[in-house]
Structure formats: C-alpha cells, structure tokens
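# Let's see this in three dimensions:
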Amino acid sequence: MKTAITTVDNPYDPIDQFDSWFLYDVTMNHNTCALLGRIARTSDQLSDAENDAEIERAIDDIIKYDVEKIYKKVSH
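Numbers count the residues shown, from 1 in each chain. A predicted model of the protein is given here:
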C-alpha cells in the first residue's frame, strides 16, 4: 500500500495524479513536498521499507501538529 500526504483543498490524487497534484500544491503555496522533505529523515543508507516507514512517520507528525487542519493522509 502506498501512502502520501495532501491538503484538503487539492482535488488531485498525489499518488495517481502527481504532476497535477504537485502543480496545484505549489500554485496554492502549500509546498507540501518541501515540508515533507524537511520533516522526513530518509537516507540512501536505509532500505526502501525503512524510508517508507520514515515518510509515513513524518506524514503522521505533520498531520498531528497541523493547527490549520489542512493536511490529510491518503493511501491505496
């Protein structure tokens, strides 16, 4: 199962429609990928499974501390 983060206002799926999702995200100044990149501690020295787990942890932290309630997690 693939997991991603998005904003509640973004009509595109970040997993299946990444290009459209990304364009909307940066146009609206959310910059979600940059935020995730600052929070997730991924590494080339970690396995894919470990990096995936770290990304999901970072997504959960972003949502946990999201005072504006604009972020949500999607999976499929």
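# For the closest residue to S43 other than its chain neighbours, give its distance to N31.
Nearest non-adjacent residue to S43, counting by C-beta to C-beta, 6 or more residues apart in numbering: N51, 7.2 Å away. Every residue, glycine included, has its C-beta placed from N, CA and C. Relative to N31, N51 is positioned 21 Å away (C-beta to C-beta, to the nearest Å).
# what's the answer for E54, then?
Applying C-beta to C-beta, the value for E54 to N31 is 20 Å.
# same deal with I15?
Relative to N31, I15 is positioned 18 Å away (criterion: C-beta to C-beta).
# cool, and D48?
According to C-beta to C-beta, D48 and N31 sit 25 Å apart.
# Also I59?
Relative to N31, I59 is positioned 15 Å away (C-beta to C-beta).
# that older thread, for the stretch of helix or strand the residue nearest to S43 belongs to, packing partners?
Secondary structure assignment for N51, by DSSP states H and E: helix 48-64. If you count contacts as 3 or more C-beta pairs under 8 Å, 6 or more residues apart in numbering; DSSP states H and E, helix 48-64 packs onto strand 3-7, helix 32-39, strand 71-75.
# ok so, going back, and D48 and N31? Which one has more around it.
With other C-beta atoms under 10 Å as the criterion, D48 and N31 differ in neighbour count, and N31 comes out ahead with 13 against 7.
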